[in-house]
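[1] need the 3D shape of this:
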Amino acid sequence: MSAGWERAVREVGDWIRGERREFAANRVETKSLNSLVSYVDQQAEQMLIQRLTEAVPGSGVLGEEGGESWVEGGANWIIDPLDGTTNFIHDLPPYAVSVALMQDRELVWAAVYELGQARMFTASKGQGARCDGRALQVGDGASLRDGLVATGFPYHEFSQMPAYLEALQACFRGSRGVRRFGSAATDLAWLADGRFQGFFEHGLAPPTFTARN
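    Residues are numbered from 1 along each chain as shown. Predicted coordinates:
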């Protein structure tokens, strides 16, 4: 069953990659300070909603770009059709399609399709995580000092900047280096793949929704 879900994510991701070749930057809207959305985000979300709700009849949706039909106590898709929109607009990977399936309030399946390298990361409850079929291993027991740390810079909410800079300085001093790529979904997938020893970002939050029966 999950093969069909993965195929839907891959199809939409490949459509996004195709749109990037002809993308016009003047078709970008500003949601809030430094928070951008394009027609690609919006159309990709609608494509995912159609495919995924057909794959799981009766399922609801919480979408980054406004798609919402939450089914309280049922199956629900949580969708970010293009994580890293600013990167996408500037033709600077990585950017990714991020999808998760919740059953009631429990995550049971997720996928991050990173479009720069065209790699599909998936995870299923009780079955571990994979990248294009290869089982992932989180780290190799190396200490933080022997690895890299990923982060996301604050870009719209700056009240905790002193605390963020303190943490950043500690990572500079206590690791081989700090990297900032601009797609939190990709950062977390790469962390699961052992490329980083740690990741932190101020301001990431769980989704909010209006419960509907």
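[2] give me the buried positions along stretch 115-126.
    115-116, 119-123 (16 or more other CB atoms under 10 Å). Quick note: C-beta positions are derived from backbone N, CA and C, even for glycine.
[3] how about those residues in a markdown table, adding pLDDT and secondary structure?
    Below are those laid out as a markdown table (pLDDT from 0 to 100; DSSP: H, G, I helix; E, B strand; the rest coil):
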| residue | pLDDT | secondary structure |
| --- | --- | --- |
| 115 | 98 | coil |
| 116 | 96 | coil |
| 119 | 98 | strand |
| 120 | 98 | strand |
| 121 | 98 | strand |
| 122 | 98 | strand |
| 123 | 97 | strand |
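[4] which one of those residues is nearest residue 181?
    Proximity of those to residue 181 (CB to CB) peaks at residue 116, which lies at 9.3 Å.
[5] how about the contacts made by the closest one?
    Residue 116 makes contacts with 93-95, as judged by CB atoms under 8 Å, 6 or more residues apart in numbering.
[6] buried ones among those residues?
    Counted by 16+ other CB under 10 Å, the contacts of residue 116 give 93-95 as buried.
[7] quick one on the thing from earlier: dump the contacts of residue 116 into JSON lines; add secondary structure, pLDDT and distance to residue 188 as well.
    As requested, those are exported to JSON lines (DSSP: H, G, I helix; E, B strand; the rest coil; pLDDT from 0 to 100; distance: CB to CB, whole Å):
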{"residue": "93", "secondary structure": "coil", "pLDDT": "95", "distance to residue 188": "16"}
{"residue": "94", "secondary structure": "coil", "pLDDT": "97", "distance to residue 188": "12"}
{"residue": "95", "secondary structure": "coil", "pLDDT": "98", "distance to residue 188": "14"}
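[8] so how far is residue 115 from the residue sitting nearest the centre point of the chain?
    With distances taken as CA atoms, centre = their mean, the chain has residue 185 as the residue nearest its mean C-alpha position (2.9 Å). As judged by CB to CB, to the nearest Å, residue 185 and residue 115 stand 11 Å apart.
[9] bridge partners for residue 123, pull those for me.
    Residue 123 has these beta-bridge partners by DSSP bridges: residue 110, residue 129.
[10] next up, the contacts around it.
    Taking CB under 8 Å, 6+ apart as the test, what residue 123 contacts is 109-111, 129-130, 192.
[11] so which of those residues is the most crowded?
    residue 111 (25 neighbours; other CB atoms under 10 Å).
[12] next up, the contacts around that one.
    Contacts of residue 111 by CB under 8 Å, 6+ apart are 5-6, 9, 97-100, 120-123.
[13] same deal with residue 98?
    Neighbours of residue 98 in contact, by CB under 8 Å, 6+ apart: 79-80, 83, 110-112, 185.
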